[in-house]
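[1] Make a model of this:
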Amino acid sequence: MRAMEAAAGHTLAYFGVESTPKRDAIVRAAAKLFLESGYGETSMDAIAAAAEVSKRTVYSYFSGKDVLFEAVMTDVCESRSDMANSELPNRPAEEVLSCVGRGFLKTVSSDIVLTTFRIAAAESVRFPELGETFYRAGPQRSIQNLASYFRAREAAGELVVPEPELAASQFLALVKSDFFVRLVLGVGPKPNDADIERAVSSAVRLFLSAYGRDGSQKA
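    Model (predicted):
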């Protein structure tokens, strides 16, 4: 719970709305209640009460519960992932992919991301917008950011990436391996530093062998 509240406290500008103390309080309260009670059982009234603001104030920042859940998810991703920035450094692919891979695997292995994923998966049947929200705030943003980087490196002559979004999803899948599924199911321990380095090194090597220009990149 503390991890979720801390992540939610890292509130950044969202959809053009600047962070304010009231907005941060709303996001923290929502994060706490989503974790304790689940998405379906958490009402906007309860969030307003926990944040000590009026329901009208909540709606002045967030048009609906799904938008508020996305704000929580976005803050989690921003606070934990090296991929949060819209632009990745204009550095060689091996260097950037190694950094991104480590950050991504640590992020998807964190308690906060596992918890929010379980909430979204468990309640997406009743609330289809929840799955869309989770995907848009997390995986889709990661794929789009990485795809943009691939386009830049192709323009620089380092990579050959005909379908950047597909390549981005492939790289993240390589990094994630079966760690995420096992953790969601509670099977086995979290990856340690050695596990992460091994998984990322292998993913970068395989990716560059497929998309590096002339296959000449080394990982």
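
[2] Can you list the low-confidence ranges for the protein?
    Counting by pLDDT under 70, the ranges of the chain that qualify are 1-18, 77-87, 214-219.

[3] Compute the number of surrounding residues for P189.
    A count of nearby residues for P189, using other C-beta atoms under 10 Å, gives 9. Heads up, the C-betas are built off the backbone N, CA and C, glycines and all.

[4] My reading is that it lies in a strand. Confirm?
    No: P189: not assigned to a strand; according to DSSP: H, G, I helix; E, B strand; the rest coil it is coil.

[5] all helices for this structure, in order.
    Assigned helices in the chain, in chain order: 2-9, 21-37, 44-51, 55-61, 65-80, 93-108, 111-123, 128-137, 139-155, 164-176, 179-184, 193-211 (criterion: DSSP state H).

[6] Same list (these) but as TSV, adding mean neighbour count.
    Formatted as TSV, the helices of the chain follow (neighbours: other C-beta atoms under 10 Å):
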stretch	mean neighbour count
helix 2-9	18
helix 21-37	20
helix 44-51	17
helix 55-61	15
helix 65-80	22
helix 93-108	21
helix 111-123	18
helix 128-137	18
helix 139-155	18
helix 164-176	19
helix 179-184	16
helix 193-211	17
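
[7] Could you report the separation of the residue most central in space within the chain from M73?
    Ranked by distance to the mean C-alpha position of the chain (C-alpha atoms, centre = their mean), the top residue is G138 at 3.3 Å. For G138, the distance to M73 equals 6 Å [C-beta to C-beta, to the nearest Å].

[8] Could you measure from A137 over to A93?
    The gap separating A137 from A93 is 26 Å, by C-beta to C-beta.

[9] One more: E132?
    Applying C-beta to C-beta to E132 and A93 gives a distance of 31 Å.
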